[in-house]
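S.K.: Below is the sequence, then the predicted model.
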Amino acid sequence: MTTKNRCNAAGARGGLHVPNTIVRYPPGETVFAQGDRCADVMYIRDGRVKLTVTSRTGRVAVIAILRAGAFFGEGALAGQRRRHCSAHTLSASTIARVKTGDMRRSLSQKATLAHCFLSHLLIRNIHAESDLIDQLFNCCETRLARILLVLANFDAHYLPYGPLPMISRNLLADMAGTTRSKVDVLMNRFRKRGFIERVDGGVQVHRSLLTIVTQE
């Protein structure tokens, strides 16, 4: 079992072994808002969470989509007093909330937790670098293809296809840095080329979509 899977399994069993409060959120619920006081660190036991930043002019940017096994709100551990982003659930989610002081003590005393947390930070950093490169150098078709592959968990398994979670085209446009109409055009193009297909009311993403990402 990989480090990432060990972390996921521990969280699913409630095995963080850190004093925490379990909160269940419906889809579209605010976990915290930009500017809120930092008081705890969150761990997603199941579900998906969207992180966004709002500029002074009101422009909203999606900076991450997180799934089960991910920590977020960890800025509190570095002395961050106010949230620099907002967190909203994309699906029904179960989230463990850990007080900052309890998390600090547990990280210094529990080697397994510290190892999982460090792995999480490294993975988040790799994703952030990839997202930045994507925005700077890649066309919107490549950006959208990469987003669909990540959402379908192709970074975590090697199956020939994966289900795309329920997500609006508007949100996909925000994540890809383009317009809703452009996303519609690209999704239709992907469908015609066999990269995605509708199955039982949902959308399956095929691994062949990787050809869009690797041809850049």
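M.R.: The structure has been received and is ready for your questions. Numbering: from 1, shown residues only.

S.K.: give the contact list for residue 194.
M.R.: Going by CB atoms under 8 Å, 6 or more residues apart in numbering, residue 194 touches 206, 208. Yep, even glycine has a C-beta here, placed from its N, CA and C like the rest.

S.K.: measure it to residue 160 for me?
M.R.: 12 Å (CB to CB, to the nearest Å).

S.K.: cool, and residue 170?
M.R.: 29 Å.

S.K.: The two: which has the busier surroundings?
M.R.: A direct count of neighbours by other CB atoms under 10 Å for residue 170 and residue 160 places residue 170 higher, at 11 against 8.

S.K.: Point out the other helices and strands that the lengthiest helix in the chain packs with.
M.R.: Secondary structure of the chain read by DSSP state H shows that its longest helix is helix 111-137. Packing partners of helix 111-137 (3 or more CB pairs under 8 Å, 6 or more residues apart in numbering; DSSP states H and E): helix 3-12, strand 60-67, helix 100-109, helix 140-151.

S.K.: For residue 189, find the nearest of those.
M.R.: Smallest distance to residue 189 across those (CB to CB): 7.7 Å, for helix 140-151.

S.K.: mean confidence score for that closest one?
M.R.: Mean per-residue pLDDT for helix 140-151: 89.

S.K.: Next, the angle helix 111-137 makes with that helix.
M.R.: 160 degrees (axes from the mean of the first three to the mean of the last three CA atoms, to 10 degrees).

S.K.: by contact count, what packs against helix 140-151?
M.R.: Applying 3+ CB pairs under 8 Å, 6+ apart, we find helix 140-151 packed against helix 111-137, helix 169-176, helix 180-192, strand 202-206, helix 210-214.

S.K.: ok, 10 Å please
M.R.: On a contact count with 3 or more CB pairs under 10 Å, 6 or more residues apart in numbering; DSSP states H and E, helix 140-151 meets strand 60-67, helix 111-137, strand 161-164, helix 169-176, helix 180-192, strand 202-206, helix 210-214.

S.K.: Flag every buried residue along the longest one.
M.R.: Residues of helix 111-137 classed as buried under the neighbour-count rule (16 or more other CB atoms under 10 Å) are 113, 116, 117, 119, 120, 124, 127, 131, 134.

S.K.: now do the first one
M.R.: Within strand 60-67, the residues that qualify as buried are 62, 64, 65, 66, 67, counting by 16+ other CB under 10 Å.

S.K.: Out of those residues, the closest to residue 179 would be?
M.R.: Among the buried residues of strand 60-67, and counting by CB to CB, the member closest to residue 179 is residue 62, at 14.4 Å.

S.K.: re earlier: how about the buried residues of helix 111-137, which pair is most distant?
M.R.: Spatially, the most separated pair among the buried residues of helix 111-137 is 113 and 134, at 31.2 Å (CB to CB).

S.K.: Any stretches of the chain with poor pLDDT?
M.R.: Counting by pLDDT under 70, the chain contains low-confidence ranges at 1-16, 155-157, 215-216.

S.K.: Kindly state the domain boundaries assigned to it.
M.R.: 3-135, 138-214 (automatic domain parsing).

S.K.: my guess is residue 42 meets residue 77, correct?
M.R.: No: applying CB atoms under 10 Å, one finds residue 42 not in contact with residue 77, separated by 11.8 Å.
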